[in-house]
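*Asks:* Sequence and predicted structure, then a few things I'm wondering about:
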Amino acid sequence: MPGPSRANGDGLIRFGVLTRPHGVRGEVRLQPDDPEVAFPDVRDVRLSRRGEVRTLRIASLRAADDAYLIAFEGISDRDVVRDTLSGSEMMVPLESVATASENEAYVYELEGAKVVDEAGETVGIITSVLAGSAQDILNITAPDGSERLLPMIPQTIRKFDRGTKTLTIAPIPGLWE
């Protein structure tokens, strides 16, 4: 499942997590939620760590394998990075992130979406997307309140309609019996 993981009410979306200092000049490693999604064209980002939220301006950014190395204006010390930035979630404006292609969806788009089968019958509402080792798994709450898990594989996912926020699926026979 591509893309950033969740949106909040401020029009921001989590892009990734600052993990550890890099070098001695204040750079920090950003592990994106999806390494295939390019870093958006933004200078100011919001960081959230242990309930504290602050906005910082990016001084430099460069790719490093499946991550990014970032320096922020006013921060040039490895210890400051370790003590104040490591572990922070990085949020960027939702509109700055590229839209998923036609038959793909970001996690934040799926959470809360209605799920129907190919006949149009309601299966439930997606309450979360679980990261699996082979594929992601949809956690669906059925109309009767029961929980259903559905692997996100080509055989089960048919179509996602952004306009109606509806996911059409083809359940595997016997999966929920």
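*Replies:* Looks like it came in fine.
*Asks:* what are the bridge partners for the closest residue to Arg46 other than its chain neighbours, then?
*Replies:* The spatial neighbour of Arg46 that comes closest, neighbours along the chain excluded (Cβ to Cβ, 6 or more residues apart in numbering), is Met91 at 4.3 Å. All C-beta atoms are positioned from the backbone trio N, CA, C, and that covers glycine. Applying DSSP bridges to Met91 yields these beta-bridge partners: Arg14, Arg46.
*Asks:* quick check: domain ranges of the protein?
*Replies:* 12-96, 107-169 (automatic domain parsing).
*Asks:* start to end distance for the shortest one?
*Replies:* Chord length of domain 107-169, first to last residue, is 16 Å (Cα to Cα, to the nearest Å).
*Asks:* can you redo the domains of the chain as a markdown table with distance to Trp176, mean pLDDT and mean neighbour count?
*Replies:* What follows is the domains of the chain, written out as a markdown table (distance: least, Cβ to Cβ, whole Å; pLDDT from 0 to 100; neighbours: other Cβ atoms under 10 Å):
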| stretch | distance to Trp176 | mean pLDDT | mean neighbour count |
| --- | --- | --- | --- |
| domain 12-96 | 29 | 91 | 16 |
| domain 107-169 | 5 | 90 | 15 |
